[in-house]
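> just need the structure, nothing else, for what follows:
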Amino acid sequence: MTRFIPTHALTMTSSPPTPRDFRQEVTDTILRLLEEGTAPWQKPWDATGSLLMPHNPTSGKPYRGGNAMYLLAISMKRGLTDPRWMTYRQAAENGWQVRRGERGTQIEFWDVKPVIGEPPGDDSPEEEMPAQREKRLIHKVYTVFNASQIAGIPAFQAKAHTPFEAVAAGEAILAHCGAEIHHDQIEKAFYLRSQDAIHLPRREFFKDAPGYYGTVLHELAHWTGHPSRLNRPTLTESYRFGDTNYAKEELRAELASVFLAAERGIPHQPERHAAYVASWIKALQGDKNEIFRAAHDAAKATDYLLALERGQNVTHEESRPTSQVARLQQSERSSGPSR
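Down below sits the predicted model:
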């Protein structure tokens with residue numbers, strides 16, 4: 001006699017849901033935009049050419065690294081024009097309200113916490129000091145909302161920069177950087193590592209000032225990677241046009257020029273760099289962490305040049321992480337020409 005067992009009495013087993021991979025989602029989103037022909041950092045410009053980088057209006061701070069890249073990509077994908085992002089709680093604390101049904105966007109945050117009562121293992125890196133071994137990184141993911149999803153927030157007003165201010169800002173960076181710059185080319189612009197020098201066409205060969213400063217900022221970003229400065233492997237270990245490190249270094253130089261332009265109100269002409277899209281795709285494919293490393297290195301190059309502009313003496317040692325913990329925390333962190 002066959003006995004039937006009610007389905008509700010059966011113990012159903014199923015595999016746990018696959019956890020979300022934040023960095024893979026970020027990389028996939030950016031790759032899709034690149035394959036469509038446009039990088040997310042090529043579009044966040046207003047009508048005056050000023051850069052609208054994602055920032056938090058409650059803290060007054062810009063988002064940096066991979067978070068900035070992801071928010072730019074989401075803004076471009078959804079057609080958002082307001083660069084302000086914040087958490088639900090931050091909005092509520094200011095008397096603003098996230099509209100019902102709105103979906104947030106995730107960003108990541110790394111926090112360093114002390115490890116209590118946990119001796120270092122035998123596999124701890126030799127270069128770590130005991131105090132550094134007693135720390136661990138905590139990865140957190142937060143949900144933020146764009147200002148366009150929030151009721152009651154004042155309308156966004158972008159800061160306007162006059163053409164004269166933009167030129168003055170560009171000249172200030174050039175005057176204080178200390179780079180060797182030669183205006184001896186007809187059409188090409190490049191940084192030559194073997195000479196530690198930048199080669200550009202004469203200024204009158206450029207269509208306008210934004211074209212000139214966008215190009216020179218890109219080459220200055222390469223210049224920061226020299227062994228005597230930031231000693232960036234994507235520059236120092238690139239040996240020929242088209243190799244993997246070359247593609248990665250071009251991505252870093254482009255992001256740094258964008259960050260510099262945003263910091264100093266210099267108009268940017270992204271169409272000048274559209275030819276690099278294929279190399280950017282090559283750099284990001286198969287490595288979900290690369291956009292975070294690239295954005296971190298680009299921010300570091302930007303900070304280096306801005307420190308020089310402010311007259312600060314930046315040493316080679318000060319520019320490098322001092323431990324594996326520091327390197328992990330920041331992971332959001334060719335003798336031939338580099339263009």
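
> strands paired with the longest strand belonging to the chain, and their directions?
Assignment by DSSP state E gives strand 135-146 as the longest strand of the chain. According to DSSP bridges, strand 135-146 forms sheet pairs with strand 85-86 (antiparallel), strand 105-114 (antiparallel).

> next helix or strand past it?
Going down the chain from strand 135-146, the next helix or strand is strand 150-151, by DSSP states H and E.

> pLDDT of that next one, averaged?
The predicted model assigns strand 150-151 a mean pLDDT of 98.

> so what does it touch, helix or strand wise?
With contacts defined as 3 or more Cβ pairs under 8 Å, 6 or more residues apart in numbering; DSSP states H and E, strand 150-151 has these neighbours: strand 97-98. (Glycine included, C-beta is placed from N, CA and C.)

> mean pLDDT per helix and strand in the protein: which one sits at the bottom?
The least trusted helix or strand in the chain, going by mean pLDDT, DSSP states H and E, turns out to be helix 324-329, with a mean of 35.

> quick one: low-confidence ranges for the protein?
1-18, 42-51, 115-134, 239, 242, 268-275, 313-339 (pLDDT under 70).

> and residue 170, what does it touch?
209, 212-213, 216-217, 264, 266 (Cβ atoms under 8 Å, 6 or more residues apart in numbering).

> farthest-apart pair in those, please.
212 and 264 (14.2 Å; Cβ to Cβ).

> from the contacts of residue 170, pick the one nearest residue 186.
Looking across the contacts of residue 170 and measuring by Cβ to Cβ, the closest to residue 186 is residue 212, at 14.7 Å.

> wait, which of the contacts of residue 170 is closest to residue 63?
The closest of the contacts of residue 170, once distances to residue 63 are taken by Cβ to Cβ, is residue 264, at 18.2 Å.

> now the closest one: how far from residue 307?
As judged by Cβ to Cβ, to the nearest Å, residue 264 and residue 307 stand 13 Å apart.

> okay, those two: which has more neighbours?
Using other Cβ atoms under 10 Å, the more surrounded residue of residue 264 and residue 307 is residue 264, with 22 against 15.

> which residue ranges of the stretch 101-250 of the chain form strands?
105-114, 135-146, 150-151, 180-185, 190-192, 197-201 (DSSP state E, counting those that start in this stretch).

> just say which of those strands is most tucked in.
Compared across the strands of the stretch 101-250 of the chain, strand 190-192 shows the largest average neighbour count, a mean of 21 (mean count of other Cβ atoms under 10 Å).

> run the chain-centre distance for it.
The chain centroid and the centroid of strand 190-192 are separated by 22 Å under Cα atoms, centre = their mean, to the nearest Å.

> surely residue 38 and residue 76 touch.
Yes. Between residue 38 and residue 76 a contact is recorded at 7.4 Å, counting by Cβ atoms under 8 Å.

> of all the strands of the stretch 101-250 of the chain, which one is nearest residue 84?
Closest approach to residue 84 among the strands of the stretch 101-250 of the chain (Cβ to Cβ): strand 135-146, 7.0 Å.

> with just CA atoms, put the closest one into CSV.
Taking Å, rounded to 0.1, in the frame of the first residue of the first chain, the C-alpha atoms of strand 135-146 are listed here in CSV:
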residue,chain,number,x,y,z
LYS,A,135,44.8,45.2,13.0
ARG,A,136,42.3,43.7,10.6
LEU,A,137,40.2,45.1,7.8
ILE,A,138,36.4,45.1,8.1
HIS,A,139,34.5,45.4,4.8
LYS,A,140,31.2,47.1,5.0
VAL,A,141,28.6,47.9,2.3
TYR,A,142,26.3,51.0,2.7
THR,A,143,23.3,52.0,0.7
VAL,A,144,23.1,55.6,-0.6
PHE,A,145,20.4,57.5,-2.5
ASN,A,146,20.7,60.2,-5.1
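
> residues in contact with that strand?
Contacts of strand 135-146 (Cβ under 8 Å, 6+ apart): 22, 56, 71, 74-75, 78, 80, 82, 84-88, 91, 98, 102, 104-115, 325, 328-329.

> now residue 147, nearest residue through space, not along the chain?
Nearest residue to residue 147, sequence neighbours excluded (Cβ to Cβ, 6 or more residues apart in numbering): residue 84, at 3.9 Å.

> ramachandran angles for residue 283?
Note on residue 283: backbone dihedrals following degrees, to the nearest 10 are phi -70, psi -30.

> neighbours of the closest residue to it other than its chain neighbours, how many?
Closest residue in space to residue 283, ignoring its immediate chain neighbours: residue 247 at 4.2 Å, by Cβ to Cβ, 6+ apart. Applying other Cβ under 10 Å, we find 22 residues neighbouring residue 247.

> where's residue 247 relative to residue 256, distance?
Distance from residue 247 to residue 256, by Cβ to Cβ: 15 Å.

> gap between the spatially most central residue of the chain and residue 265?
With distances taken as Cα atoms, centre = their mean, residue 295 lies nearest the centre of the chain, 2.7 Å away. Separation of residue 295 from residue 265 (Cβ to Cβ) stands at 21 Å.

> perfect, that will be all.
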